[in-house]
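# Structure of the sequence below:
(chains A, B and C)
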Amino acid sequence: MLELRGVSYRYPGYATQVLRDLDLTIADGEIVGLVGANEAGKSTLCLVASGLAPASIGGRLTGSLLIDGEPMTGRAPHELAERVVAGFQDPATQRSGVAATVFEEVALGPMNLGLAVAQTVGRTRAALAALGIEALAERHPSRLSGGQSQLVALASLLVMRPRHMVLDEPAARLDPAGTNLVAGAIRALAATGAGLLIAEHRTDLLDGLCGRIVVLDGGCVVLDGPAGEVFADDRIEGFGVEPPARIRLARALAARGLDPALIVLDADATPVRGVASPDPAAAPSAPA
Amino acid sequence: MTAIEIRGLTHVYPDGTRALDGVDLVVPAGQRLAIVGQIGSGKTTLVRHLNGLLRPTAGSVLLDGLDVRSTHVARLARQVGLVFQDPGAQIFSSRVRAEVAFGPRTIGLRGAALEAAVDGALEAVGLTDADALNPYDLGLSRRKLLAVASILAMRTPVVVLDEPTTGQDARGTARIRRIVADLAAEGRTVITISHDLRFVAEGFERVAVMGRGRVILDGTPETVFAEPSWPVLASTSLEPPFAARVGARLGLGSTPTEASLIEAIASRSAEAGSRRGSS
Amino acid sequence: MGLVPVTPGPSLVDAGISPADAALLRRLVPAMPTAWHRLNPLTKATIAAGESIGAFVLGGYLGPLLILALVIVPSAVVARVAGRLLRVSILVSLPIAVSVVLVTVFTRAGPTVLFTIGPFVATLEGADFAGQVLVRLLVLATALGLFGMTTEPRALVFDLERRGVSPRLGFAAAATLETIPAMAERAAAIQAAQRARGLDTEGGIRARLRGVLPLVVPVVLSSLTEVEERSLALEVRAFGRPGHRHLLWTIGDAAWERPVRWGIVIAVIGVGVARLAGAWPHIP
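Coordinates of the predicted model:
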């Protein structure tokens, strides 16, 4: 379990608190979506939840980060790395720069953890397979497309077999196929008991993936609840969050005096192919 | 006003990659055109010919009759403003205002005309209050808007936006939509590259689908996102927008935008209602 | 000659690695087409250092030229890079060579005057000194060039790590090498963006000078931000963790290489000491 208790944070050299007295819990096996306007503090929250702020980037943190009950204050970055990993938006900066093949790039994490060669190889193969990029194993990491790089970056994190993972817009550059792979890998990781926090704009992606949604505004948590409830809440647009397509359409229908239940969707019509919609009923044929 | 005429455009990179393979595209002045397609289909290569950053290997590109092959990039920048995907790739001033002023000043605007161009651009992107800030004190998405402002201030007849909505939140995307609409209302030609097909369907009147260096489908959103076109879209790793898929499933014909989908459902219900009423 | 990888070998199967995985690991090792390439990286580094320092320590012309002709060139031939090596070394050392010659020929005081240009006096002693410096420069360039052309940075870094050097040190070196092409790419991207804003890079000198700031600043700023983001991404992968790492591959060390390395070090130190003590015979 990953807990933030009464957390406030400001960046080094800046006076403003980017996060204010924030509480957040991510249970084992939970996938929590983090939404909010761009300056609300989502990326900062990702840095704090992974311990990188303040351990690696400095700044002032009040309150505490606890992982499985243990406070993480004062821990070295590599100690944090064994418990929680974080992925960032730009796949180019997540390349180590020292690997000449994707395989070695992904294997870097397990090697750093001191694993034996057989274990490193096994984990690396599994991570590449989970994201469908085994064919890229011997390619040079800097000669990949944006989407491929993003998959490699995610594989480099999955291979750590973390208990907690924080992802900042993991599918930003991906096409529908890539997005599906990422969603599948996230679900598989959660199924092993890991807790995940995913910051995203694409509420359609989060809709089928997350059990819980947290809305951030001005550095504070303003909404925190089951995905179905939060996305249907009228207030989220005021916080800069666009509801997923199915909610938008239901509202548009209601505004026209039509029955919102006219559109009930199954897996085929959801925005990300393969991601199951929360409403499993089949689409009705139009009234004749 | 500028029209763009692309005939038989082919581009082969030094390493032998044939990025464009005979592209024909005629863009009337004032059109809103979206270019879509998978990575490697040639979208970025294509738009980089418009302001002379790349030169054709074969074929021609005419900007309102001006042949880009014999014109300096600096001169073409007055005709075509290209907003790159990565704002970090161009920001060098320590103040937002100075950053926006760089482009127009370089192409010759001075005095009141320069200030007006900068003010207009800052307002369009919503950064008027931030004009004295350091660009790196803005968040990433506002920096992207700053990059857009830097090009808007140049008041070019053609504006090209490369993936303008990636990483933007709801407000940022709405702002980009407004900017596209305003530019079109002024009679400017707006071209975008985007993988956000909802943004494309709702804001653009023409969609050119690229695959393997060619335009494989070209038409209105109604045509391009209709069910018969789906196999072509799939061949370049595209999925039709959500509204189009729902409309097709409900047998409502082509409904590329959410608005058109709601309309179609409303009229179908009204029909059904009146039929029931009359039986 | 030096073994190819130490790690992928018969012991792999016992360690639970399948033949397919072992084959993959072997493919990860950089290509080593000649016997020279297959030498241990530390050996190659020691040879390069020995050649360079040796040239300086030996004095005169004959010493360095013998090193070049009897050691460096034959090694380059075995490694099949002789032509490219000489071309690149001369090209790279040319600017320095020209400035060195110009400075020393005219500033080295000596009794034998060759010619004068205005206030500048060219002396034979100056020309002699310049000649000696040039020869040493050539040895340095070719020795380091040969090492660089035939050794993968990772191979050296892993080898040092195998011997106990902290991985972080090696990493810093390898990553620095990576940043140069990365910065060049970045600079190209930034140039494109600024040209799209009307920056004239094809015009005259004044235009180009005006264009320096809009090109240089983004390169530096974005490189700095990139460095910070990169280091965070590494820490997340336990980069700073102390303790032994099991590397996927390393380059082996043949039994005779260690004594040869020590031999080179001792020889260079020996000649150096002898020269300092005045016990080394003068060689032209």
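# What's the local residue count around B:V27?
Neighbour count of B:V27, defined by other CB atoms under 10 Å in any protein chain shown: 21. To be clear about C-beta, it is placed using only N, CA and C from the backbone, and glycine gets the same treatment.
# Pull the contacting residues for it.
B:A3, B:I4, B:E5, B:I6, B:L33, B:T189, B:I191 (CB atoms under 8 Å, 6 or more residues apart in numbering or on different chains).
# among those residues, which one has the lowest pLDDT?
Across the contacts of B:V27, the smallest pLDDT goes to B:A3, namely 82.
# quick one: it and B:G273, what's the gap?
For B:A3, the distance to B:G273 (CB to CB, to the nearest Å) stands at 47 Å.
# And those two? Which one has more around it.
A direct count of neighbours by other CB under 10 Å for B:A3 and B:G273 places B:A3 higher, at 17 against 11.
# What does the pLDDT read for the closest residue to that one other than its chain neighbours?
Distances taken as CB to CB, 6 or more residues apart in numbering or on different chains put B:A29 closest to B:A3, at 4.9 Å, once the chain neighbours are dropped. B:A29 carries a pLDDT value of 92.
# how close does B:A29 sit to chain C?
As for B:A29, its distance to chain C is 20 Å (criterion: CB to the nearest CB, to the nearest Å).
# what do you get for A:H78?
Separation of A:H78 from chain C (CB to the nearest CB) stands at 4 Å.
# Then B:R105?
Per CB to the nearest CB, B:R105 is found 9 Å from chain C.
# Now the residue in the stretch 1-150 of chain C that chain A sits nearest to: closest residue in space, sequence neighbours ignored.
Using CB to the nearest CB, the single residue of the stretch 1-150 of chain C nearest to chain A is C:G16, 4.0 Å away. Of all residues not flanking C:G16 in the chain, A:A118 sits nearest, at 4.0 Å (CB to CB, 6+ apart).
# contacts for the helix or strand hosting the one you found?
Taking DSSP states H and E as the criterion, A:A118 maps to helix A:117-130. Residues from elsewhere that reach helix A:117-130, judged by CB under 8 Å, 6+ apart: A:102-103, A:106-107, A:110-111, A:115, A:134, A:136-137, A:155-156, A:158-159, A:161, A:181, A:184-185, A:188, C:7, C:12, C:15-17, C:21, C:24-25, C:246-248.
# Mind doing that once more with 7 Å?
Contacts with helix A:117-130, where a contact means CB atoms under 7 Å, 6 or more residues apart in numbering or on different chains, come from A:103, A:106-107, A:110-111, A:134, A:137, A:155, A:158-159, A:161, A:185, A:188, C:7, C:15-17, C:21, C:246, C:248.
# So which bits of that helix are buried?
For helix A:117-130, a neighbour-count test (16 or more other CB atoms under 10 Å in any protein chain shown) marks A:V117, A:A118, A:Q119, A:T120, A:V121, A:G122, A:R123, A:T124, A:R125, A:A127, A:L128, A:A130 as buried.
# What of stretch B:231-242?
Buried residues in stretch B:231-242 (16+ other CB under 10 Å): B:L233, B:T236, B:S237, B:L238, B:E239, B:P240, B:P241, B:F242.
# Also near chain A: which of the residues you listed, exactly?
Checked against chain A using CB under 7 Å from any CB of the partner chain, the buried residues of stretch B:231-242 give the following subset in range: B:S237, B:E239, B:F242.
# Run through chain B and note the low-pLDDT ranges.
When residues are selected by pLDDT under 70, those of chain B lie in B:1-2, B:88-89, B:276-279.
# who in it is up against chain A?
With CB under 7 Å from any CB as the criterion, chain B meets chain A at residues B:38-40, B:139, B:141, B:166-167, B:169-172, B:195, B:237, B:239, B:242, B:245-246, B:249-251, B:258, B:262, B:265-266, B:268-269, B:272.
# check which helix or strand covers the residue nearest to A:A252 when sequence neighbours are not counted.
Of all residues not flanking A:A252 in the chain, B:I262 sits nearest, at 4.7 Å (CB to CB, 6+ apart). Counting by DSSP H and E, the element that carries B:I262 is helix B:258-278.
# ok and the residue in the stretch 1-150 of chain A nearest chain B?
Counting by CB to the nearest CB, the stretch 1-150 of chain A gets nearest chain B through A:N38, at 4.2 Å.
# OK, contacts around that residue?
Applying CB under 7 Å, 6+ apart, one finds that A:N38 lies in contact with B:G139, B:S141, B:D169, B:G172.
# Tell me which residues of the helix or strand B:L33 falls within come out buried.
Here B:L33 is covered by strand B:32-37, with elements defined by DSSP H and E. Neighbour counts over strand B:32-37 (16+ other CB under 10 Å) mark B:R32, B:L33, B:A34, B:I35, B:V36, B:G37 as buried.
# What separation is there between the third one and chain A?
Distance check for B:A34 against chain A: by CB to the nearest CB, it reads 16 Å.
# correct me, but that residue touches B:L197?
No - using CB atoms under 7 Å as the test, B:A34 is too far from B:L197 to be in contact (8.7 Å).
# name the element B:S60 belongs to?
Secondary structure from DSSP H and E places B:S60 in strand B:58-63.
# What is the subsequent helix or strand relative to that strand?
Note on strand B:58-63: by DSSP H and E, the next helix or strand toward the C-terminus is strand B:66-67.
# Paired strands for that next one, with orientation please.
Sheet pairing for strand B:66-67, assigned by DSSP bridges, gives strand B:58-63 (antiparallel).
# now the helices for the chain?
All of this refers to chain A. A:42-49, A:52-55, A:77-81, A:102-112, A:117-130, A:146-158, A:176-191, A:203-209, A:227-232, A:245-255 (DSSP state H).
# Chain C, not that one
Using DSSP H, helices in chain C cover C:10-14, C:19-28, C:41-58, C:62-66, C:73-78, C:82-107, C:124-150, C:153-162, C:167-195, C:205-210, C:212-236, C:257-276.
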